[in-house]
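1. What follows is a predicted structure for the sequence shown.
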Amino acid sequence: MSLTRSRSGEAALDGATRQTPKQARRGIARAAAAAAAGIALAVACLPLGVFPKLACVVLDAGCPAAREPSGRLPHVTRLTAVQVAQRGMYVALGDSYSSGEGVYDLDDKPVNDGAGRCHRASGSYVPLVARTYRFGGGTAFYACSGATTGQLLSGQYGQQPQISRVSPSASLVTLSIGGNDAGFTKVLTGCIVKLPWSSACVEQDAAVARRIEELRPSMLKVLRELRVRAPNARVIVLGYPRPFPEEPAESVDNLSAADQSWLNEVTRRLNDTVRSVAADFDRAIAAFGAPGSVEYVDAYEAFAGHEVGRPQPYLNGLNVDLEELTVNARSYHPTGDGYRRFAELITRQIAAGPGRPMNNFLLTTPRPGG
């Protein structure tokens, strides 16, 4: 049996599948309406919060800003020397050259409790430094006249040890120390009270040299203790000024030119010892990449042109109370101008730093989404 298709059948088929233009437009409209209804129904059935995501994917609209992945590492910043010094407390320690002995009698009152025995004066360099820089933890002033390295560690006049005032919050420590270990006051007194033609002054050389050499281990002990108590701090050690002109021309306070030159030399040797210990200690800190520093400020030439015997000295000369036949303690200690000069040296050192990068760092943790 063969399959045949009549013309009438083809005509019938064409009639069933072909539509007029009007019929096609009606079909498209019905399809669009059905699609819109389907979308509306689908959206109505979506959970809350899904539609914005759908709009973001399909329409690229309403998409949230891209965020960096969580768990970013902290940002590390190396602090400058000034930033290190100012972050915490400024603690001022040391002997009479730091306490303000040379201007103590001129003060209305001591600067804090216990200062009467230690002769702490507002005319010292310490308050001047504190006014020049703003320290985050404030200032603690505990230098004490007559202090040796041992007394700095153990205390004097019934006061708690100066070293106990230092804590991890300290960011800057200043001190002058070593002159009393060398017996400088006693040596100077021996020079002044000798017979004018005597060589008793310079005959003290061997004993003084021994005491200066013995200063090394005790000075090192002070720096170690400061390091333990304030491992991030800058420690600035101030040297002593030359007391007499470089080339003395005449006798001053019963001190011959030779006596004065010898006392200048003793001051230099004392300074060299303190400088050497401080420099070695700082090199060790730097070698281990540790924070903090130990810095020496050379004050030997600081009073040049203003030594004892000059028209405008930065050091008091011999001051004797003739009624009581006693020597005033401010003798051979800085005047107000001398302490202002010290303040210049310290503030300059704070700005300059130890001459190497500091290994103190600030860690900043980024905030989420920041």
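-> Sure, I can see it. The shown structure was predicted, so the numbers you read here are calculated from the model rather than taken from an experiment.

2. residues in contact with residue 268?
-> 242, 300 (CB atoms under 8 Å, 6 or more residues apart in numbering). (Glycine included, C-beta is placed from N, CA and C.)

3. ok, now how distant is it from residue 212?
-> 11 Å (CB to CB, to the nearest Å).

4. Same check on residue 140?
-> Residue 140 is 29 Å from residue 212, by CB to CB.

5. what secondary structure does residue 173 sit in?
-> strand (DSSP: H, G, I helix; E, B strand; the rest coil).

6. Double-check it against residue 235; I have them as touching.
-> Yes. In this structure, residue 173 is within contact of residue 235 by CB atoms under 8 Å, at 4.7 Å.

7. so what sits against both of the two?
-> Contacts common to residue 173 and residue 235, judged by CB under 8 Å, 6+ apart, are residue 226.

8. So which residue is smack in the middle of the chain?
-> residue 85 (1.6 Å; CA atoms, centre = their mean).

9. Next, that residue: phi, psi?
-> Residue 85 adopts backbone torsions of phi -60, psi -40, taken as degrees, to the nearest 10.

10. Just the pLDDT for it.
-> At residue 85, the model reports a pLDDT of 98.

11. go on, residue 209?
-> As predicted, residue 209 sits at a pLDDT of 96.

12. Next up, the contacts around it.
-> With CB under 8 Å, 6+ apart, residue 209 has these contacts: residue 269.

13. Then it would be within a helix, right?
-> Yes. Assessed by three-state DSSP, residue 209 belongs to a helix.

14. so how far is residue 262 from it?
-> 12 Å.

15. ranges for the strands of the chain?
-> 75-78, 89-92, 139-141, 170-175, 234-238, 293-297, 320-321, 326-327, 361-364 (DSSP state E).

16. looking at it, residue 273 is touching residue 213, isn't it?
-> Yes. Using CB under 8 Å, residue 273 makes contact with residue 213 at a distance of 7.4 Å.

17. higher neighbour count, those two?
-> Legend: neighbour count by other CB atoms under 10 Å for residue 273 and residue 213, higher for residue 273 (19 against 12).

18. I'd like the distance between the more buried one and residue 217.
-> In terms of CB to CB, residue 273 sits 11 Å off from residue 217.

19. And residue 87, by the same measure?
-> Distance from residue 87 to residue 217, by CB to CB: 31 Å.

20. Look at these two and report which has more neighbours.
-> residue 87 (20 against 10).

21. Now do the same contact list for the closest residue to the more buried one other than its chain neighbours.
-> Excluding its sequence neighbours, the residue lying closest to residue 87 (CB to CB, 6 or more residues apart in numbering) is residue 171, at 4.6 Å. By CB under 8 Å, 6+ apart, the contact list for residue 171 reads 84-90, 135-137, 230, 232-234.

22. same thing but 10 Å
-> 79, 83-91, 135-137, 230, 232-234, 292, 360 (CB atoms under 10 Å, 6 or more residues apart in numbering).
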